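Q: Sequence isn't available, so here's the structure alone:
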């Protein structure tokens, strides 16, 4: 029987397999490098895109913050204007009131009593004066309590004798508006409403 030597063929096949394995290993390494590079490029592109979005959002936030600052400034200006308008409205309403108050003061002062000083702070009026007797001061207080524009008379000081003949006194009263005056406080608005109809 003839003998066949398979060693050279096996050696050649082993070399061929080794070469194929080396080629596959190199191809796998190259593929891994390419895949890593591709993933790196993809992530870099995603990061750049996200940074661009963040920059856009930050720009929008800064723009909105500037607009909010302008709105807050406008609101402060609006509040100042409203406060000024309220002061002007109060002054407009108080203009006729002081005339009525002075008229009531003249009407409430009884004979035998005269005033030396009249001071107003807010809705309180302080009267200083001289009366022939304490009875005149009592009458003055009753007249104030019966008045439409003055109320709540309170005696602070009364002194008899001194440099003047009679009693010096200090009292204060509250300025009030009668209900009829309060209802007709804004005739201009009522006329404007009637004209609009």
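A: Happy to help now that I have it. Values in this document were obtained by computation on a predicted structure and should not be read as measured data.
Q: Run the chain-centre distance for the strand or helix carrying residue 57.
A: Using DSSP states H and E, residue 57 sits in helix 7-108. Using C-alpha atoms, centre = their mean, to the nearest Å, the mean C-alpha position of helix 7-108 is found 27 Å from that of the whole chain.
Q: and the gap between the closest residue to residue 131 other than its chain neighbours and residue 169?
A: Excluding the flanking residues, the one nearest residue 131 by C-beta to C-beta, 6 or more residues apart in numbering is residue 113, at 4.2 Å. Where you see a C-beta, it was placed from the backbone N, CA and C, and this is true even at glycine. According to C-beta to C-beta, to the nearest Å, residue 113 stands 9 Å off from residue 169.
Q: Overlap of the contact sets of these two?
A: 129-131, 137 (C-beta atoms under 8 Å, 6 or more residues apart in numbering).
Q: farthest pair in those?
A: Checked with C-beta to C-beta, the shared contacts of residue 113 and residue 169 reach their widest spread between 130 and 137, with 9.8 Å between them.
Q: Can you pull the domain assignment for the chain?
A: What automatic domain parsing lists as the domains of the chain is 21-108, 110-181.
Q: other SSEs contacting the lengthiest strand in the chain?
A: Longest strand in the chain, counting residues (DSSP state E): strand 150-160. When contacts are defined as 3 or more C-beta pairs under 8 Å, 6 or more residues apart in numbering; DSSP states H and E, strand 150-160 packs onto helix 7-108, helix 134-145, strand 167-175.
Q: Of all those, which one is nearest residue 119?
A: Comparing these by C-beta to C-beta, strand 167-175 comes nearest, at 8.8 Å.
Q: one step back: which one of the helices and strands packed on strand 150-160 lies closest to residue 122?
A: Once the helices and strands packed on strand 150-160 are compared by C-beta to C-beta, strand 167-175 is nearest, at 8.5 Å.
Q: Could you give the average pLDDT over that closest one?
A: For strand 167-175, mean pLDDT is 89.
Q: between that strand and helix 7-108, how big is the angle?
A: For strand 167-175 against helix 7-108, the angle by axes from the mean of the first three to the mean of the last three C-alpha atoms, to 10 degrees is 130 degrees.
Q: Just give me the neighbour total for residue 92.
A: Applying other C-beta atoms under 10 Å, we find 12 residues neighbouring residue 92.
Q: what does residue 141 give?
A: So residue 141, with other C-beta under 10 Å, has 19 neighbours.
Q: same thing with residue 38?
A: Neighbour tally, residue 38, other C-beta under 10 Å: 10.
Q: returning to what we had before: name the next helix or strand following the helix holding residue 57 along the chain.
A: According to DSSP H and E, the helix or strand after helix 7-108 is strand 113-121.
Q: Give me the sheet partners of that following strand and which way each runs.
A: According to DSSP bridges, strand 113-121 forms sheet pairs with strand 124-131 (antiparallel).
Q: what does the strand it pairs with rub up against?
A: So strand 124-131 is contacted by 101, 105, 112-120, 137, 140, 150, 156, 164, 166-175 (C-beta under 8 Å, 6+ apart).
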